[in-house]
Every structure is written in C-alpha cells, then in structure tokens.
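S.K.: Sequence and predicted structure below; questions after.
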Amino acid sequence: MLEWNTYRQQLKVRIGEIAKLSPDTGPKTRELISLAVAVTVRCDGCIAVHAEAAARHGAAQEEIAEALGVATAVNAGAALVYSTRVLDAYEQVTAAP
C-alpha cells in the first residue's frame, strides 16, 4: 500500500529536480506532447487548442500520429497498472474486521 505522506514528499523533491533541468523544448515538440496528454486525459478543449498550435508550429500528420500512438500505449498501460490499485483497495476493504 502506498504511504501518501512519504510519496508526496518524494514527489516534491523529484519535481524540484525536474524544474532545474527544464530543457529548452521546441514549441512543436511541446505541442506534440500536449496532444498526447490531451488524448490521455480526454480533454476536447485541449485537443482543439493544441492541434491548432501543433499545425502552426509545423507538426506533420505523421508526427501527430506518432504522439497519439504513444498516448494510446501509455493510457492502456496506465489502466493496467491502476487496475492493481483497485484490487489493493478491494482487498483492504474486504479484509477489514
């Protein structure tokens, strides 16, 4: 089972490290990533905004398809990983005295 307070503290440290690295990502790459995220979180508004921005920054349809393929792979994998959390929660509820 996840210890949420410890996890939150670990995240703060790691996020701080990422903020320091913050590479100078090009706008086209940023928009392709944004499209993959938009699909993963099912945000129509995000799709509308980032599809236009990706096109404006010169993203080709093939590049967009590659980003969407990654989103599909991650989302399906995430569903499987989070399914283990459901089983964990269920087992804790049913094991309670």
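M.R.: Great, that's in hand. What you see is a predicted model; the values in this text were computed from it and never measured.
S.K.: Tell me who's in contact with Pro23.
M.R.: Contacts for Pro23 (C-beta atoms under 8 Å, 6 or more residues apart in numbering) come out as none. Just so you know, the C-beta spots here come from the backbone N, C-alpha and C atoms, and that holds for glycine as well.
S.K.: Please identify the helix or strand for Lys12.
M.R.: Element membership for Lys12, per DSSP states H and E: helix 4-21.
S.K.: would you put the C-alpha positions of the helix or strand just after that helix in CSV?
M.R.: Sequence order places helix 27-40 as the next helix or strand after helix 4-21, per DSSP H and E. Provided in CSV are the C-alpha atoms of helix 27-40 (Å, rounded to 0.1, in the frame of the first residue of the first chain):
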residue,chain,number,x,y,z
PRO,A,27,7.3,24.6,-29.5
LYS,A,28,6.5,21.8,-32.0
THR,A,29,7.7,19.1,-29.6
ARG,A,30,5.8,20.8,-26.7
GLU,A,31,2.6,20.8,-28.8
LEU,A,32,3.0,17.1,-29.8
ILE,A,33,3.4,16.2,-26.1
SER,A,34,0.4,18.3,-25.2
LEU,A,35,-1.7,16.5,-27.8
ALA,A,36,-0.7,13.1,-26.4
VAL,A,37,-1.6,14.3,-22.9
ALA,A,38,-4.9,15.8,-24.1
VAL,A,39,-5.9,12.5,-25.6
THR,A,40,-4.9,10.6,-22.4
